[in-house]
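Trainee: Could you look at this predicted model? Sequence included:
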Amino acid sequence: MKVLAINGSSRENGNTSILLDRVLQPLQKSGFDCEKIWLGNGAVRVCLGCRKCAENKDRKCVIADDKINGLIEKMAEADVIILGSPVYVAGITAQMKAFLDRAALVCRANGFLLKHKIGASIVAMRRAGALPAVDMMNHFFAIQQMFTVGSTYWNFGMGNNIGEVESDGEGMKNMENLGENIAHLAQKLSSPEKRRR
């Protein structure tokens, strides 16, 4: 089974990346094919609101000079999608917001490309604002008819400077548990016995 983790941080190897890696560890141990992608700074442009995706229904956004269409195809092929963002002004980054705005329209306009896939979101925070950020990414899953996975607590880790999040023992354990929960649900959903029920 395929797992796609999308890092919406401005820092490719910052705390968000560290948290995503911790979620992926139990999945990799369980044999999942895991890929982590960094959105990058300015790698995804904002939605134009043109609705051409709804007219064309070709699984593509008409803006073709950035990463979005490749990412949409990767999401369509994945069984699990994990979104990660640091907290910026009590929400997600501009990169992640632009990505979600455009992907949401294209996926819905093409018969809900992500329907019944598994989604999970994680957030790196310094002090506050994590819950609105988690909510925003979870709302993307909900409107796509995806199954959202939780953990032992809200899916965020605390840290400011790069690497500080590793000192948040509870947060790191929560990420590990999240990965285990994702693996459990994915295996249940893929089981022929469960599909017959």
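Mentor: Everything's here; your move.

Trainee: do you know how far M158 is from Q144?
Mentor: Using CB to CB, to the nearest Å, M158 is found at 29 Å from Q144. C-beta: built from backbone N, CA, C; applies to glycine.

Trainee: Tell me which of those two has more neighbours.
Mentor: Set side by side, M158 and Q144 show more neighbours around Q144, with 21 against 18, by other CB atoms under 10 Å.

Trainee: which ones are touching the more buried one?
Mentor: By CB atoms under 8 Å, 6 or more residues apart in numbering, the contact list for Q144 reads 104, 107-108, 112-115, 117, 119.

Trainee: Filter the residues you listed down to the ones in helices?
Mentor: Judged by DSSP state H, helices contain the following of these: 104, 107-108.

Trainee: Just send these back as TSV, with pLDDT, distance to W154 and neighbour count too.
Mentor: Putting these into TSV (pLDDT from 0 to 100; distance: CB to CB, whole Å; neighbours: other CB atoms under 10 Å) gives the following:
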residue	pLDDT	distance to W154	neighbour count
A104	97	23	16
C107	97	25	24
R108	96	27	17
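
Trainee: Closest one of these to L39?
Mentor: A104 (15.0 Å; CB to CB).

Trainee: can I get the ones in helices among the contacts of Q144 in a markdown table with distance to K57?
Mentor: Listed next are the ones in helices among the contacts of Q144 as a markdown table, based on distance: CB to CB, whole Å:
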| residue | distance to K57 |
| --- | --- |
| A104 | 15 |
| C107 | 11 |
| R108 | 11 |
